[in-house]
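Novice: Sequence unavailable; structure follows:
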């Protein structure tokens with residue numbers, strides 16, 4: 001995988017960084033996304049065959065949403081030489097009026113199971129409940145996605161319910177588990 005050199009990185013320790021998902025990382029992000037497309041399609045029905053142009057357009061929209069304050073789109077990276085190798089992504093979709101957000105993430109197959117998502121999501125949650133002053137962060141995942149469900153539970157999220165037949169896949173509808181973490185829950189865990 002190729003590396004990126006960008007002006008801003010959020011160092012979260014041990015060579016792991018979060019990088020704004022903007023057009024500046026388009027080529028490396030496209031390469032990473034294409035390499036993981038088949039395994040991501042198991043969890044998300046909206047993944048289409050990406051082109052360099054569609055990836056660039058998506059990153060441009062992410063950058064605009066970031067500037068508007070409605071989304072915090074970040075790539076997860078690892079230090080590699082003079083730059084960073086992209087290994088995944090996390091997104092916080094923000095509803096400022098409600099004081100809430102929805103969290104999403106994915107990770108490259110080659111680094112899955114190393115705790116990178118937990119570290120990245122932990123940093124994003126700290127920012128959500130700290131600087132952003134949010135009250136609630138929600139996470140939704142297919143009921144069959146055991147890794148994501150276990151991560152939610154390890155991070156202190158509470159299972160609030162199951163949305164039956166909530167997402168349409170080519171082979172039928174699937175159930176979604178809804179988890180939430182409130183600011184006071186996060187404060188209790190860090191105390």
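Specialist: Thanks, I have it. Being a predicted model, the structure only gives us computed values, none of them experimental.
Novice: distance of residue 188 from residue 146?
Specialist: Computed as Cβ to Cβ, to the nearest Å, the residue 188 to residue 146 distance reads 26 Å. In short, each C-beta sits where N, CA and C put it, glycine included.
Novice: Would you mind checking which helix or strand in the chain has the lowest mean pLDDT?
Specialist: Sorting the helices and strands of the chain by mean pLDDT, DSSP states H and E puts strand 3-4 at the bottom, at a mean of 74.
Novice: all helices of this structure, in order?
Specialist: Using DSSP state H, the helices of the chain run over 26-41, 52-68, 116-129, 146-154, 183-190.
Novice: Determine the angle, from 0 to 180 degrees, between the last one and helix 116-129.
Specialist: The directions of helix 183-190 and helix 116-129 differ by 130 degrees, with axes from the mean of the first three to the mean of the last three Cα atoms, to 10 degrees as the criterion.
Novice: Tell me, please, where in the protein the pLDDT is lower than the cut-off.
Specialist: The model of the chain has pLDDT under 70 over residues 1, 46-48, 191.
Novice: what residue is smack in the middle of it?
Specialist: residue 90 (1.8 Å; Cα atoms, centre = their mean).
Novice: I'd like to know how many residues surround the nearest residue to it once chain neighbours are set aside.
Specialist: Once flanking residues are discounted, residue 90 sits nearest to residue 105: 4.1 Å by Cβ to Cβ, 6 or more residues apart in numbering. Using other Cβ atoms under 10 Å, the number of residues around residue 105 comes to 21.
Novice: how far away is residue 49 from residue 60?
Specialist: 19 Å.
Novice: right, I mislabeled it, should have said residue 163
Specialist: 31 Å.
Novice: Tell me which residues touch residue 178, please.
Specialist: Shown in contact with residue 178 (Cβ atoms under 8 Å, 6 or more residues apart in numbering): 138, 139, 140, 159, 160, 161, 162, 163.
Novice: Those residues into CSV, with extra columns for neighbour count?
Specialist: As requested, those are exported to CSV (neighbours: other Cβ atoms under 10 Å):
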residue, neighbour count
138, 17
139, 23
140, 18
159, 13
160, 11
161, 10
162, 11
163, 14
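Novice: And the residues you listed, which is closest to residue 11?
Specialist: Nearest to residue 11 out of these is residue 139 (Cβ to Cβ; 24.3 Å).
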